[in-house]
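>>> my questions are about this predicted structure, shown below with the sequence.
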Amino acid sequence: MSKGLPKRSEDYSLWYNELVKRAGLAENSAVRGCMVIKPYGYAIWEKMQRTLDDMFKRTGHQNAYFPLFVPKSLFEAEEKNAEGFAKECAVVTHYRLQTDPDNPGKLRVDPNARLEEELIVRPTSEAIIWSTYKNWIQSYRDLPLLINQWANVVRWEMRTRLFLRTAEFLWQEGHTAHATAEEAVAETRQMLEVYAQFAEEWMALPVVKGVKTENERFAGALDTYCIEGLMQDGKALQAGTSHFLGQNFAKAFDVQFTNKEGALEHVWGTSWGVSTRLMGALVMAHSDDEGLVLPPKLAPIQVVIVPIYKTGQLDELLERIRPMQMGLIDRGISVKVDDRDTERPGFKFAEWELKGVPVRLAVGMRDLENGTVEVARRDTKEKMNMPLADIVNNVASLLDDIQTSIYQKALKFRETHTHRVDTYEEFKQALEGEGGFVVAHWDGTSETEERIKEETKATIRCVALAEPDEDGVDMLTGKPSKRRVHFARAY
RNA sequence: CGGGGUGUAGCGUAGCCCGGUAUCGCGCCUGCUUUGGGAGCAGGAGGCCGCAAGUUCGAAUCUUGCCACCCCGACCA
């Protein structure tokens, strides 16, 4: 492991890339735009999955699995959705390879093995799922239908970045069907709340909840709700979306049910998802020039114990550390004892800091004689000595402190990086400075939104749910506005 | 797809203009000494120089073609 990460202040995106690789979260693969998620990174994703999955189950959802491939005819059924994704679809056209007569030892696509109908590798699963729902839904008694799937999807992005935008990524997608618009909207908003709660309580990432403008809306949805986080470089990151689909997919796939009065109606739909992009958000929101800073609730290793010893003392020291180690484990804390005899303490300290382990305990014979342990917290780099006798309680509450503290830090950052402006000059200044959210009046037209995007690269992240009504005028056109919206440059 | 760039050990690189089988650092292996903030010394292993063809006595180096990747732009529910 080489020393020293690039500095955030010097090259933020280089810092991010290096950090993801050096901390062992992910790396580029032999496939263009596709990453390998490494064990340490996958362990964090698994914790996210487990937590979210529990939250979905508690809100009444069940998991299922649908195919990776979508026949083109199904894919194109909902026109807006199909158009929205058409430019970034991987397409399977053949089903067989053969040895190449012109190139010994090489294979080629068998020209006689063309599929009668092309298969689209799912960029999202509405089409295949709604075509299935048609068979599952007949009566109001079949509703609501509340399904989630954990899956991979493929979007052939022209430019990719580890976790933030990869050609293949992992995600969950919820797809629900309801008897009424009101129920579907309630579902959409409920899942938005679930995402917001997860982001704030588990990822320690404060988010703005809001609704997308027409320009940014999911193709095929009537409304797209979202949570938006703010990264340390002042750019916003969309961390999750929840869509109210209206009856669009029900109509496209002819999904109808008989209501209590015996009349046929199209069902109302929602879909919602978060992806491995959350990993990118987690890294960018909290980490520093020394490495990752992980919130304790998602850290695969919450406490690392580094024994400090002289040659020959290791076994004895490990023996004496064991009661403390077991005490922490019994308390439900995940503990790693770094008993590698091949690395020195300084190296281990640096490595666990890079990997973002929230709490480090350094224990040597000297400490044991004094009845103390050296405790270091990753987020503030503070070191303190704690009595060995009470170490389990102290560490448990320290982990809670760290979770709260990094959330508060991120929240404070967002507050100091949110500017309310009234003129276009102020708007541009706010963006050019330290970035962040710029909250301003907008006349509600796509033209103005586009123009601002072209001139400043800032987009409307959302119309925040918490934003109060307020009469004003668009900073650019002077036309009337009833509410401010959140602008930012975004990932 | 347009513009620019780069491919040399696991990683990062020197050498290329001016042809003679490859430099340095990190990492790796062995041994000894070390071990409370990224150890020191000694020894060692590891290379179809992106691929293919051409020029030449001889190609990492020159020529041509191809491939891959990176950066900027376009693109990105």
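Happy to help now that I have it. Numbering: from 1, shown residues only, chains lettered A, B, ... in the order given.
>>> CA only for contacts and neighbour counts going forward, please
Will do.
>>> quick one: least confident helix or strand in chain A?
Lowest mean confidence among the helices and strands of chain A (mean pLDDT, DSSP states H and E): strand A:107-109, at a mean of 79.
>>> do that one and RNA strand B meet?
No. Among the residues of strand A:107-109, none lie within reach of RNA strand B under CA under 7 Å from any atom of the strand; the closest is 14.3 Å away.
>>> and the very next helix or strand once past that strand, what does it pack against?
Using DSSP states H and E, the next helix or strand after strand A:107-109 towards the C-terminus is strand A:114-121. Taking 3 or more CA pairs under 8 Å, 6 or more residues apart in numbering; DSSP states H and E as contact, the helices and strands that strand A:114-121 lies on are strand A:69-71, helix A:72-75, strand A:91-94.
>>> return the residues of the stretch 251-400 of chain A in contact with RNA strand B.
Proximity of the stretch 251-400 of chain A to RNA strand B is confined to A:290, A:308-312, A:341, A:343-351, A:353-354, A:362-367, A:373-374, A:376, A:381 under the rule CA under 7 Å from any atom of the strand.
>>> helices of the stretch 251-400 of chain A, start to end?
The residue ranges that make up the helices of the stretch 251-400 of chain A, judged by DSSP state H, counting those that start in this stretch, are A:277-286, A:314-330, A:345-354, A:365-370, A:391-416.
>>> please name the nearest non-neighbouring residue to the residue most central in space within chain A.
Note on chain A: the residue nearest the mean C-alpha position is A:L278, at 1.6 Å, using CA atoms, centre = their mean. Sequence neighbours aside, A:A239 is the residue nearest to A:L278 in space, at 6.1 Å (criterion: CA to CA, 6 or more residues apart in numbering).
>>> is the one you found in a helix, a strand, or coil?
The three-state assignment at A:A239 reads strand, by DSSP: H, G, I helix; E, B strand; the rest coil.
>>> before we move on, the earlier item: contact partners for the residue nearest to the centre of chain A?
For A:L278, the set of contacting residues under the criterion of CA atoms under 8 Å, 6 or more residues apart in numbering consists of A:F163, A:L164, A:A239.
>>> any idea how far stretch A:98-114 is from the middle of the chain?
Put simply, stretch A:98-114 sits 41 Å off its chain's centre (CA atoms, centre = their mean, to the nearest Å).
>>> with stretch A:357-375 instead?
Remark: stretch A:357-375 is offset 35 Å from the chain centroid, using CA atoms, centre = their mean.
>>> can you check stretch A:171-190 too?
Between the centre of stretch A:171-190 and the centre of its chain there are 20 Å (CA atoms, centre = their mean).
>>> do the same with stretch A:307-323
Averaged C-alpha coordinates place stretch A:307-323 at 40 Å from its chain's average position (CA atoms, centre = their mean).
>>> and chain A, what are its domains?
A:12-70+A:126-286, A:303-413, A:418-488 (automatic domain parsing).
>>> tally of neighbours for A:A466?
Residue crowding around A:A466 was assessed by other CA atoms under 10 Å; the count is 9.
>>> next, the contact list for it, please.
In this structure, A:A466 makes contact with A:K209, A:G210, judged by CA under 8 Å, 6+ apart.
>>> with A:E126 instead?
Neighbour list for A:E126: A:H175, A:F249, A:S271 [criterion: CA under 8 Å, 6+ apart].
>>> okay, the residues you listed in a markdown table with neighbour count next?
Conversion of the contacts of A:E126 to a markdown table gives the following (neighbours: other CA atoms under 10 Å):
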| residue | neighbour count |
| --- | --- |
| A:H175 | 24 |
| A:F249 | 27 |
| A:S271 | 26 |
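>>> doesn't A:I452 fall inside a strand?
No. A:I452 sits outside any strand when classified using three-state DSSP, being helix.
>>> any idea how far RNA strand B is from the nearest residue to it once chain neighbours are set aside?
Excluding its sequence neighbours, the residue lying closest to A:I452 (CA to CA, 6+ apart) is A:A458, at 6.7 Å. Using CA to the nearest atom of the strand, to the nearest Å, one gets 10 Å for the distance from A:A458 to RNA strand B.
>>> so what's A:A458 up against?
If you count contacts by CA under 8 Å, 6+ apart, A:A458 has them with A:L431, A:I452, A:F487, A:A488, A:R489, A:A490.
>>> quick one: name the residues of the stretch 101-250 of chain A near RNA strand B.
Within reach of RNA strand B by CA under 7 Å from any atom of the strand, the stretch 101-250 of chain A has these residues: A:T124, A:E157, A:M158, A:R159, A:E216, A:R217, A:F218, A:A219, A:T224.
>>> out of these, which end up buried?
With neighbours counted using 16 or more other CA atoms under 10 Å, those contain these buried positions: A:T124, A:R217, A:F218, A:A219, A:T224.
>>> strands - which of those residues land there?
Among those, the ones falling in strands (DSSP state E) are A:T224.
>>> let's have the buried ones among the residues of the stretch 101-250 of chain A next to RNA strand B in TSV, adding distance to A:P387 and pLDDT.
Listed next are those as TSV, based on distance: CA to CA, whole Å; pLDDT from 0 to 100:
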residue	distance to A:P387	pLDDT
A:T124	53	95
A:R217	55	92
A:F218	55	93
A:A219	58	92
A:T224	52	96
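>>> A:T132: which of the buried ones among the residues of the stretch 101-250 of chain A next to RNA strand B is nearest?
A:T124 (14.5 Å; CA to CA).
>>> ok, and the closest non-adjacent residue to that closest one?
Nearest non-adjacent residue to A:T124, counting by CA to CA, 6+ apart: A:V153, 6.3 Å away.
>>> cool, and A:N148?
Closest residue in space to A:N148, ignoring its immediate chain neighbours: A:G174 at 4.1 Å, by CA to CA, 6+ apart.
>>> I'd assumed the one you found was in a strand, is it?
Yes. Under three-state DSSP, A:G174 sits within a strand.
>>> now for it: which residues touch it?
Going by CA under 8 Å, 6+ apart, A:G174 touches A:L146, A:I147, A:N148, A:Q149, A:T270, A:S271, A:W272, A:G273.
>>> would you mind measuring from the second one to A:Q49?
A:I147 sits 15 Å away from A:Q49, taking CA to CA, to the nearest Å as the criterion.
>>> what's the pLDDT at the residue nearest to the centre of chain A?
A:L278 carries a pLDDT value of 95.
>>> residues contacting A:T416?
No contacts exist for A:T416 under CA under 8 Å, 6+ apart.
>>> same thing but at 10 Å, please
A:A410, A:E434, A:G436, A:F437 (CA atoms under 10 Å, 6 or more residues apart in numbering).
>>> give me the neighbour count for the second one.
Pointing back at A:E434 there. Other residues near A:E434 come to 15 when the count uses other CA under 10 Å.
>>> what's the closest non-adjacent residue to it?
A:G234 (6.2 Å).
>>> which stretch of helix or strand covers that neighbour?
Applying DSSP H and E as the criterion places A:G234 outside every helix and strand.
>>> that one reaches A:H419, doesn't it?
No. In this structure A:G234 lies outside contact range of A:H419 using CA atoms under 10 Å: 11.6 Å.
>>> list residues touching both of these two?
Each of A:L431, A:G435, A:G436, A:F437 lies in contact with both A:G234 and A:H419 under the rule CA under 10 Å, 6+ apart.
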